[in-house]
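# Next comes the sequence, and after it the predicted model I'd like to discuss.
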Amino acid sequence: MSELPTGATKTLKASALKAGASVVGIADASAFDAHAPKGHRPDDLLPGARTVVVVGGAQPRAGDWVATSPWLLSTMGTTERIQGVGRRLAQAIESEFGYYALFVPPGTASGDAPFLSLMLAAELAGLGSRSLAGPILNREHGFMYWSAVITTAPLQVDPPEAVPACPAPSCREMWEREGTTPCLRVCPLDAGGCLSGRLEGARAVRTGYDAARCNTRVHTHWVGGFQKVLEETLNEPDRDKRKMLVYGDFMTRTLWAITYSSTNIAQCFECMRVCPAAHGLREMR
Amino acid sequence: MAGTITAAVTSIGLAAGARVVGVAAAEAFRAGVPEGFRPEDILPGAKSVVVAGGDGPTAGAWRCPDHRVMEITGYDLRENVAVHAMCDYIEREQGHYAVQAPSLPVHGHEPPMSMMHAAELAGLGSRSLAAHIILNPEYGLLYYAALITTLPLDPTPPLAEPACPHPGCTAMYKRIGTTPCLRVCPACLAGTVKEKRIETSTYDREKCHSRAQTYGIGSFQKALLEIVNEDDPARRREQIHSEFFTKSIQSLGFFRDSIAQCFECMRVCPVGRKHRKLK
């Protein structure tokens, strides 16, 4: 029997939106069992977990997508805002409803493996679906950043999205016409890119994704970049060249990226830039 | 009048996300703080210090069986936001100077002003046997930030009864000569309890620091020195791309998600446990 106050789910969702989330959804904790490996399910992180609250938002603004300088998106980011909403929701669930709440750390447990897949959480909470390019796309807002809270509170769950945002109607037309889509064309796996796939009717089928290559592009200036240039510097016997490496643009930008980690999450957005479903539905003047 | 303004400042801090807010008179720092580290050494004419305590891990985080989650669990650090909201109010509405008290170390482990001492003087908590961490009697472990202002405010008195030792710990000490924190970490902590008070308390700060911040600035420096001193390029490559070095760099970037990696003395502490026992 639920001991939650009447309207608790509605109240929680309203606070999430007020705190800055663009969307909020709730997944059944047990729904992860069919998809997530053991050790990465809600109950593994919070014994007795019943639901997972997922918030989405902090996505680039319409202006960011149309900006002509590629430096804009590669040096500015907004993800930290959505993590703040997640943290606040976790505290609200505990202090207002008296149930355990665990803010899912956005970092990795080990290597590239997250504690809990935020993408899967967003899908199961009905907030979006996987795109041919990879990111989860919300039908209303497109590409977003996600944060999740695992809780023992028996909140009312939302069904997964019935109709995926990807492929967008214009991508289906393009596929009929040219046998490709904007994201596949901008970053083709067989020509030095990261993606391959096809459309089967209204369904996107991904056939290839070079995660390692994508990672080095998305995180050009990041922890990996720092490690790479550090190794090069230490291996360089010439003092002048070593100085150039240390003070070079690459090392400098990498250090900026690490310092401003919440605003330098990604440096490549090209598959999302060309995606008609990634930017939401609103046309700006 | 000062009482009304104190109440207004406090409510602004609480509304901005602080769990608790207290006030200490600037002159109260003179007795226990060396010259150069007192509020008036940072803001000339300082009259009051307002301290905000913010939440640490949620009860759900304490309950997580995967210890790595607490290592990078992430905090709001809303106490800092609350301090800035109160500073804005004091300067804009009351016309007095207000600055956030500097709390990051500038020499070794030494900050320009101790937030722990400020929290004690503002009546928000008392030092514990567990690495001297300040415990709030209601909530236990909190994180503290403070502001210094020239605005005279009504101080809240220091706690009459210390939060540590908890009655349960006093009883345990009487029975078996130890407390939960001393028992869980005899490597870092030592102390005695007499007549329901801490009689002696010491801790090995260097050992505790290297455990509480396994990944942080210190681990980065340690690993970097080893890397620079390594002559074999293949071995150097292994070190540079190792999980330890990678996590150390990540912890620099995502500092607020990597504040501490060892919580064991606090995990067993009964102070504030009622807020960690939920449904």
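Alright, I've got the coordinates.
# Do I have it right that residue B:149 meets residue B:89?
No. Between residue B:149 and residue B:89 there is no contact under CB atoms under 8 Å: 10.2 Å. C-beta coordinates here come from the backbone N, C-alpha and C atoms, glycine included.
# For those two, work out which one has more neighbours and name it.
residue B:149 (27 against 19; other CB atoms under 10 Å in any protein chain shown).
# Run through the bridge partners of that one.
In this entry, residue B:149 is beta-bridged to residue B:48, residue B:98, by DSSP bridges.
# what pLDDT does it get?
Looking at residue B:149, its pLDDT stands at 97.
# Then the one 5 residues further on?
With respect to pLDDT, residue B:154 scores 98.
# Verify the contact between it and residue B:2 for me.
Yes. Counting by CB under 8 Å, residue B:154 touches residue B:2, with 5.1 Å between them.
# is chain A contacted by stretch B:64-79?
Yes. Shown here: stretch B:64-79 in contact with chain A (CB under 8 Å from any CB of the partner chain) through B:64, B:65, B:66, B:68, B:69, B:72, B:73, B:74, B:75, B:76.
# If you check the stretch 151-279 of chain B against chain A, which residue is the closest one?
Proximity of the stretch 151-279 of chain B to chain A (CB to the nearest CB) peaks at residue B:253, 3.4 Å away.
# just checking, that residue touches residue A:225?
No. Between residue B:253 and residue A:225 there is no contact under CB under 8 Å: 11.8 Å.
# between the two, what contacts are shared?
Common neighbours of residue B:253 and residue A:225, counting by CB atoms under 8 Å, 6 or more residues apart in numbering or on different chains, are residue A:257.
# Not counting sequence-adjacent ones, nearest residue to residue B:112?
residue B:102 (4.3 Å; CB to CB, 6 or more residues apart in numbering or on different chains).
# tell me which element that neighbour is part of?
Following DSSP states H and E, one finds residue B:102 outside all helices and strands.
# Isn't it up against residue B:115?
No. Applying CB under 8 Å as the test, residue B:102 and residue B:115 come out as separate, 9.7 Å apart.
# In terms of neighbours, single out the busier of the two.
Using other CB under 10 Å as the criterion, residue B:102 and residue B:115 rank with residue B:115 on top: 21 against 14.
# List the residues that contact the more buried one.
By CB under 8 Å, 6+ apart, the contact set of residue B:115 is B:51, B:101, B:103, B:144, B:145, B:146.
# Turn these into JSON lines, including neighbour count.
Output for those, formatted as JSON lines (neighbours: other CB atoms under 10 Å in any protein chain shown):
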{"residue": "B:51", "neighbour count": "31"}
{"residue": "B:101", "neighbour count": "24"}
{"residue": "B:103", "neighbour count": "16"}
{"residue": "B:144", "neighbour count": "28"}
{"residue": "B:145", "neighbour count": "26"}
{"residue": "B:146", "neighbour count": "31"}
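# Helices of the chain, start to end?
Just so you know, I chose chain A. A:8-19, A:42-45, A:62-66, A:70-75, A:79-92, A:118-124, A:169-178, A:182-186, A:211-218, A:223-235, A:239-247, A:249-259, A:270-273 (DSSP state H).
# my bad, chain B
B:2-15, B:39-42, B:59-63, B:67-71, B:78-93, B:115-121, B:167-176, B:180-184, B:205-212, B:217-229, B:233-240, B:243-253, B:264-267.
# what sits against the closest residue in space to residue B:227 that isn't next to it in sequence?
The shortest distance from residue B:227 to any non-neighbouring residue, by CB to CB, 6+ apart, is to residue B:239 (4.9 Å). Listed by CB under 8 Å, 6+ apart, the contact set of residue B:239 reads B:223, B:226, B:227, B:230, B:245.
# Name only those of the residues you listed that count as buried.
Buried residues within the contacts of residue B:239, counting neighbours by 16 or more other CB atoms under 10 Å in any protein chain shown: B:223, B:227, B:230, B:245.
# can you put those in TSV and add pLDDT?
Output for these, formatted as TSV (pLDDT from 0 to 100):
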residue	pLDDT
B:223	95
B:227	96
B:230	96
B:245	95
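# quick one: residue A:195 and chain B, what's the gap?
Relative to chain B, residue A:195 is positioned 26 Å away (CB to the nearest CB, to the nearest Å).
# Just the pLDDT for that residue.
For residue A:195, the predicted pLDDT is 97.
# Is it correct that it is in contact with residue A:181?
No. Counting by CB under 8 Å, residue A:195 does not reach residue A:181; the two are 9.1 Å apart.
# dump the residue contacts of residue A:226.
Residue A:226 neighbours (CB under 8 Å, 6+ apart): A:251, A:254, A:255, A:258, B:249.
# Fine by me, thanks again.
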